[in-house]
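Student: Quick one, structure for this:
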Amino acid sequence: MQIESLKVFCDLAETESFTKSAQINEVTQSAVSQQISSLERQFKSMLIERSKKTFRLTREGQVLYEYSKQMINLYDTLHSRIQEIRDIVSGSIRVATIYSIGLHDLPPYIKRFLKSYPTVNVHVEYRRSNQVYDDVLGNAVDIGLVAYPTRDNRLEVVALRRDRLVVICHPQHHFAKSKSLRLEQISGQRFVSFEPDIPTRKAIDKILRDRQIEVQTVMEFDNVETVKRAVEIDAGISIVPQGTVAQEVAKQTLVQLQMEDAEFYRPLAAIYKKSKVLSPAMKQFLAIMKDGGTAGVVTAAAKAKT
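Tutor: Here you go, the predicted model:
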């Protein structure tokens, strides 16, 4: 019996999906089925109730899952500790990120990290916010990058930085003549929004609601890139994180305006599963994301089981 088989079984128990377990472990669904069957022969017990409607562990399967998680965490801790003793930073890191962070915040940090640790393979996936949380909790990725992090007792949250929110408009819009405005001035304006389930949309809605400001929502999109394109064709104005429009402002395809009467910021964070054993590579990645490359183990990562 190998540790890899136990990990496949645990991933299957947590995701309740042969397909996802296969993807996480980079094997075929057939290989997952074969490893589960092998474990069942080893323990002479059915581990999973075979049903097309629901996925459910048997009592024996639940016991195996609980003890296997302990064994896997102990093995990962051992492997991480040996790497630390040998001062080795290698391996791979799987990251899921929302589009705005992945496109605008992450690249310089990835470049800096790979320059320091060229033997580490960093795999990045672009996902919607809710999918990032699902991927982290389902062990599909090691680290997630999100805005307006949601507190969850299953997750560790590492605060990164805050990005100021600004109003953007077309260069020919009458707002473009000013460098700033009072937030109440956008009342009644045609407005390009994020989709309702996007955390930034929820935060902006609260800002407007608290100030009793109503706008005319004309379009809704699930990412900032499409929001910007809509404003560039003068479909309406919008409120977006300042860091996402630097290129368009420089090219003068968009105009950004500061809010005179208030400052609002979008908090960014890294998340990982509390039960996750962070490898030296993951710790250094978080350190660079948080502190711009400060040497040593990241403070927040010290909470992890090492």
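Student: A strand includes residue 256, no?
Tutor: Yes. Inclusion of residue 256 in a strand is indicated when DSSP: H, G, I helix; E, B strand; the rest coil is applied.
Student: secondary structure class for the nearest residue to it once chain neighbours are set aside?
Tutor: Taking Cβ to Cβ, 6 or more residues apart in numbering as the measure, residue 256 lies nearest to residue 166, with 4.5 Å between them; neighbours along the chain are not counted. For every residue, glycine as well, the C-beta is placed using N, CA and C. Secondary structure for residue 166, judged by three-state DSSP, is strand.
Student: tell me the pLDDT at residue 166?
Tutor: Taken from the predicted model, the pLDDT recorded for residue 166 is 96.
Student: got it, and residue 19?
Tutor: Residue 19 carries a pLDDT score of 90 in this model.
Student: ok, so what distance separates the residue of the chain positioned farthest from its centre from residue 242?
Tutor: In the chain, counting by Cα atoms, centre = their mean, residue 44 sits farthest out from the average C-alpha position, at 39.9 Å. Separation of residue 44 from residue 242 (Cβ to Cβ, to the nearest Å) stands at 62 Å.
Student: Repeat that for residue 276.
Tutor: Counting by Cβ to Cβ - residue 276 and residue 242 are separated by 32 Å.
Student: Those two: who's more crowded?
Tutor: Neighbour comparison, residue 276 and residue 242: the larger count goes to residue 276, with 19 against 16 (by other Cβ atoms under 10 Å).
Student: Ramachandran angles for that one?
Tutor: With angles defined as degrees, to the nearest 10, residue 276 shows backbone torsions of phi -70, psi 130.
Student: low-confidence ranges in the stretch 201-306 of the chain?
Tutor: 292-306 (pLDDT under 70).
Student: what's the helix or strand for residue 196?
Tutor: In the assignment (DSSP states H and E), residue 196 maps to no helix and no strand.
Student: which helix of this structure spans the most residues?
Tutor: In the chain, taking DSSP state H as the definition, the longest helix is helix 59-85.
Student: Pull out the buried positions in that helix.
Tutor: 61, 64, 65, 68, 69, 72, 76, 80, 83 (16 or more other Cβ atoms under 10 Å).
Student: Please name the residues that touch the residue nearest to residue 256.
Tutor: Taking Cβ atoms under 8 Å, 6 or more residues apart in numbering as the definition of contact, the neighbours of residue 166 are 239, 240, 241, 242, 245, 256, 257, 258, 259.
Student: Now residue 71. Nearest residue, chain neighbours left out?
Tutor: Closest residue to residue 71 in three dimensions, ignoring its sequence neighbours and counting by Cβ to Cβ, 6+ apart: residue 6, at 6.2 Å.
Student: For the one you found, give its distance to residue 16.
Tutor: Computed with Cβ to Cβ, the distance linking residue 6 and residue 16 is 17 Å.
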